[in-house]
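> Okay, structure incoming, though there's no sequence with it:
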């Protein structure tokens, strides 16, 4: 019985990370941009867990766990910022939130 | 069996991830992101990370995405209006991206030849093992994490509260 090559997992992680970067760069809705960041964090987690399998050690799982915790707190603060931006400007388009420009 | 399961859920993850980027409505993106996270949880199980698979479903697909959907509903976010798209960027960038990813896949294949993942090949990812490492080796980061969460809660309250004055 042949298993899945470890490079497939790493390539899947790279593909998901690339899609996250693409969403981050191309989308104009601030919530979708934020979800792209979550997608990137998930891709990195998959990499960590794959390497944890590779070395047969649990350390990668712990790093992925901390990434999850940081993502949760980031989501809480980020969504609060989005709420504040929407309250002040009535828009979710990141092109219109440019008061720091120039 | 491993290969079939991996391929099914990898394809689901990639299709859902493309959907996250392509959909114009934030709710569609959020639901697709839940699909990505659920299929990644299955892949974690295949890699022997039982605790993290459960945490992925509970924390990511459960808590964080509910928060996202809640905010989208609260703000009544509509579909994004398209503007300033160049078709040339799509025609140039698409094949270039595929070429780059194939090059990267080739390099990764060269770096890790002949190593394959079997279900049950690594049994150190249970809640017991993760918990033991968390409270011995990673005790300080764990305690710092609790402070981080406290600061995040305070920050969210300060940012989202109504002005009192």
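Everything's here; your move. None of these values were measured; they are calculated from a predicted model. Numbers count the residues shown, from 1 in each chain, chains lettered A, B, ... in the order given.
> neighbours of residue B:138, just the number please.
By other C-beta atoms under 10 Å in any protein chain shown, 19 other residues sit near residue B:138. Glycine gets a C-beta too; all of them are placed from N, C-alpha and C.
> give the contact list for the residue nearest to it when sequence neighbours are not counted.
With sequence-adjacent residues excluded and distances taken as C-beta to C-beta, 6 or more residues apart in numbering or on different chains, residue B:138 is closest to residue A:62, at 5.2 Å. In this structure, residue A:62 makes contact with B:130, B:133, B:134, B:137, B:138, judged by C-beta atoms under 8 Å, 6 or more residues apart in numbering or on different chains.
> Pull the residues that contact the helix ranked longest in chain B.
With secondary structure taken from DSSP state H, chain B has its longest helix at helix B:87-111. Defining contact as C-beta under 8 Å, 6+ apart, one finds that helix B:87-111 is touched by A:5, A:7, A:10, A:11, A:14, A:15, A:18, A:22.
> one step back: give me the buried subset of the contacts of residue A:62.
Neighbour counting with 16 or more other C-beta atoms under 10 Å in any protein chain shown marks B:130, B:133, B:134, B:138 as buried within the contacts of residue A:62.
> And the helix or strand where the third one lies, how far out from the chain middle?
Translated: residue B:134. Assigned by DSSP states H and E, residue B:134 belongs to helix B:127-135. Mean C-alpha position of helix B:127-135 versus that of the full chain (C-alpha atoms, centre = their mean, to the nearest Å) differs by 22 Å.
> And for stretch A:45-62?
The answer for stretch A:45-62 is 18 Å, by C-alpha atoms, centre = their mean.
> For it, buried residues please.
A:45-54, A:58, A:60-62.
> what does the average pLDDT come to for that stretch?
Taken as a whole, stretch A:45-62 has a mean pLDDT of 92.
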